[in-house]
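**Q** The following block contains a protein sequence and its predicted model.
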Amino acid sequence: MKKNELKRLITKIFIKHKLSINHAHICSEAIVNAELVGAPSHGLSRLKMYCDRINKKVINPKPKIKIKKISQSITHIDANNSIGFVAADIGIKNAIKNAKKTGFGLVGIKNSGHYGLSGYYAEQAVKKNLMALVFTNAPPAIAPHGALKTLFGTNPICFGTPTSSKIPFILDSSVSMINRGKIRVAAKTGKKIPEGVALDKFGNPTTDAKKALKGVQLPIAGFRGSGFAWMVDILSGVLTGGNHGGKVKDPFDDFTGPQNIGHLFIVIKPNIFVGNYNQRIKENIKRIKKLPKIKGVKEILYPGQNKFNRYKKNSNKEIQIPENISRDIDILVSKL
């Protein structure tokens, strides 16, 4: 399906689920973007889940979002259990606005939900020639170092900066060895997951996606990854007023109430300290790319290059929809 056709279809589905035209459009843009950058785990595979949560009244399709201006640089947002895409869209736009005025924008959000890819929001700041740090917490998937039970989410860490070229530097990484969305997609399609990324509920290494979902995901860098997950839980949950400490509900399986996810957006003018940032970042990247390469490596890539190339390549192609996800979409379309 062509990207614009798919956007229109998703928009119609969300409007049917009582979102405003503007909010439905925001959601469809983010979902299709995930498909185009090669992250289907955060795209169409979650569409049915969002609709299910609206139907179960744990996502508010008509939120009364409260925006509290704390200072010229700082804003606190209560998203009123809106779909995460809408809350995050308001959040990053406010952070950008604050940063343009003062050089620094800080926005905390509570009572939100899953918002897709963190890099999608960082890139919006980068397109305005601004730097961004983006944090969000997630449902339990990782056990704190030394613990037997999952508590931290895969809690992504995201950083974006202009590069003085058309390709932005976007580092968007979960603190787990593999993001949970990829495991869910593997479970749905019957595929195995890589070795060394998860344990089953008995603590045994597994490549079975379904067993991994019932077990524990392993953090990057051992106890350090556990520390990063804890840091993100504090920044996006404790600090903002969102759920934290293992209280974020699983969006696919737990319909007992809203997720109350927290997000934190930090946006900075790159020239806040030095006026020649663009030249300095250009030199930085050039110096690293000139390093001797190991055998088989044609180019040293910075974070975001591969994603940019995938987006460019996929933009003019039809988006391929797996059969199981296509069935879910057909059911949603039949109710239009």
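**A** Cool, got the structure.

**Q** just how off-centre is the strand or helix carrying Ser326 within its chain?
**A** According to DSSP states H and E, Ser326 maps onto helix 323-334. Relative to its chain's centre, helix 323-334 lies at 23 Å (Cα atoms, centre = their mean, to the nearest Å).

**Q** just how off-centre is stretch 95-109 within its chain?
**A** 20 Å.

**Q** residues in contact with that stretch?
**A** Stretch 95-109 is contacted by residues 72-79, 87-88, 91-92, 94, 124-125, 128, 130, 132, 239-242, 262-269, 272 when judged by Cβ atoms under 8 Å, 6 or more residues apart in numbering. Heads up, the C-betas are built off the backbone N, CA and C, glycines and all.

**Q** Got a quick PyMOL command for the buried subset of these?
**A** Buried members of those, defined by 16 or more other Cβ atoms under 10 Å, are picked up in PyMOL with:
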select buried, resi 73+74+75+76+77+78+79+87+88+91+92+94+124+125+128+130+132+240+241+242+262+263+264+265+266+267+268+269
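
**Q** Okay, and which of the contacts of stretch 95-109 map to strands?
**A** 74-78, 132, 262-268 (DSSP state E).

**Q** how much does the helix or strand of the chain with the lowest mean pLDDT deviate in direction from helix 323-334?
**A** Lowest on mean pLDDT, DSSP states H and E among the helices and strands of the chain sits helix 180-189, with a mean of 87. Relative orientation of helix 180-189 versus helix 323-334 (axes from the mean of the first three to the mean of the last three Cα atoms, to 10 degrees): 90 degrees.

**Q** following helix 180-189, which helix or strand comes up?
**A** Toward the C-terminus from helix 180-189 - assigned by DSSP H and E - lies strand 198-199.

**Q** Output the contacting helices and strands for that following strand.
**A** Judged by 3 or more Cβ pairs under 8 Å, 6 or more residues apart in numbering; DSSP states H and E, the packing partners of strand 198-199 are helix 209-214, strand 216-217.

**Q** now it, how far from the chain's geometric center?
**A** Using Cα atoms, centre = their mean, the offset of strand 198-199 from its chain centre is 22 Å.

**Q** hey, where'd the helices end up in this structure?
**A** For the chain, the helices defined by DSSP state H cover 3-16, 21-36, 47-55, 84-102, 118-126, 180-189, 209-214, 223-233, 277-289, 305-314, 323-334.

**Q** closest one to Gly146 among those?
**A** For Gly146, the closest of these is helix 223-233, at 8.0 Å, according to Cβ to Cβ.

**Q** which helices and strands sit right next to the closest one?
**A** Using 3+ Cβ pairs under 8 Å, 6+ apart, helix 223-233 is in contact with no helix or strand.

**Q** re the thing from before, considering the helices of the chain, which stretch scores lowest in mean pLDDT?
**A** When mean pLDDT is averaged over each of the helices of the chain, helix 180-189 scores lowest at a mean of 87.

**Q** middle-most residue in this structure, spatially?
**A** The centre of the chain sits closest to Leu117, judged by Cα atoms, centre = their mean, with a distance of 2.5 Å.

**Q** which residues sit in contact with it?
**A** Ala30, Asn33, Ala34, Val37, Ala39, His42, Asp172.

**Q** May I have the phi/psi pair for the fifth one?
**A** Geometry field for Ala39 lists phi and psi as phi -120, psi 60, criterion degrees, to the nearest 10.

**Q** so how far is Asn306 from it?
**A** 11 Å (Cβ to Cβ, to the nearest Å).

**Q** higher neighbour count, those two?
**A** Ala39 (21 against 13; other Cβ atoms under 10 Å).

**Q** The more buried one and Lys166: what is the separation?
**A** From Ala39 to Lys166 the distance is 20 Å (Cβ to Cβ).

**Q** Same check on Lys100?
**A** 21 Å.

**Q** Then Glu299?
**A** 16 Å.

**Q** Then Arg53?
**A** Distance from Arg53 to Lys166, by Cβ to Cβ: 37 Å.

**Q** what's the answer for Gly119, then?
**A** In terms of Cβ to Cβ, Gly119 sits 16 Å off from Lys166.

**Q** Can you pick out the residue with more neighbours from these two?
**A** More crowded of Gly119 and Lys166, by other Cβ under 10 Å: Gly119, with 28 against 7.

**Q** In space, what's closest to that one - neighbours in sequence excluded?
**A** Asp172 (3.4 Å; Cβ to Cβ, 6 or more residues apart in numbering).
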